[in-house]
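Asks: task: produce atomic coordinates for the following.
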Amino acid sequence: VLDMGTGTGILAIAAEMLGATEVLGIEIDDWVVDNANDNLKINQTQHNTMVHGDVKALHTVPDEYFDVVLANIHREVILADMAEYGRVLKGEHKLFLSGLQQADESLIVDHARGLNFKHLKTEQTDGWLMILLEKIA
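Replies: Just a heads-up that it's a prediction; the model follows:
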């Protein structure tokens with residue numbers, strides 16, 4: 001599992017608790033990475049790695065490496081980085097995008113289609129969206 005914008009690492013921790021055998025969290029804020037690493041220790045994770053950086057931290061990751069990509073990041077960052085998420089995501093696997101607003105949906109989905117993703121569904125809670133995409137093999 002790749003968790004972009006991992007923040008405190010809660011989704012990365014949950015991914016491991018749900019059975020992920022390798023989780024990479026990437027966060028742009030170095031202080032938050034320290035906090036995430038503390039949370040990994042508190043939760044006694046064994047398969048999580050937190051990295052300070054942005055999408056460039058994926059340059060050493062092979063193509064089609066991850067089964068799942070999570071990105072809870074601002075719309076502009078998602079749009080700029082989605083092609084790289086697609087590169088590291090295995091075909092016919094899922095990309096979960098969150099931290100988005102209703103006005104972002106059509107822009108994100110249209111961009112994703114151009115990058116060989118299929119829109120599976122959008123869920124909304126309290127004005128926030130989660131968009132689920134699948135990479136077309």
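Asks: tell me the residue in this structure that is farthest from the middle.
Replies: Within the chain, the residue lying farthest from the chain centre (Cα atoms, centre = their mean) is residue 42, at 22.3 Å.
Asks: packing partners for the lengthiest strand in the chain?
Replies: For the chain, the strand with the greatest residue count under DSSP state E is strand 89-101. Applying 3 or more Cβ pairs under 8 Å, 6 or more residues apart in numbering; DSSP states H and E, one finds that strand 89-101 contacts strand 66-72, helix 75-88, helix 105-114, strand 128-135. C-beta: built from backbone N, CA, C; applies to glycine.
Asks: what about 10 Å?
Replies: Packing contacts for strand 89-101, counted by 3 or more Cβ pairs under 10 Å, 6 or more residues apart in numbering; DSSP states H and E, involve strand 2-4, strand 66-72, helix 75-88, helix 105-114, strand 117-125, strand 128-135.
Asks: of the ones you listed, flag the one that's most buried.
Replies: Mean neighbour count (mean count of other Cβ atoms under 10 Å) peaks for strand 2-4 among the helices and strands packed on strand 89-101, with a mean of 27.
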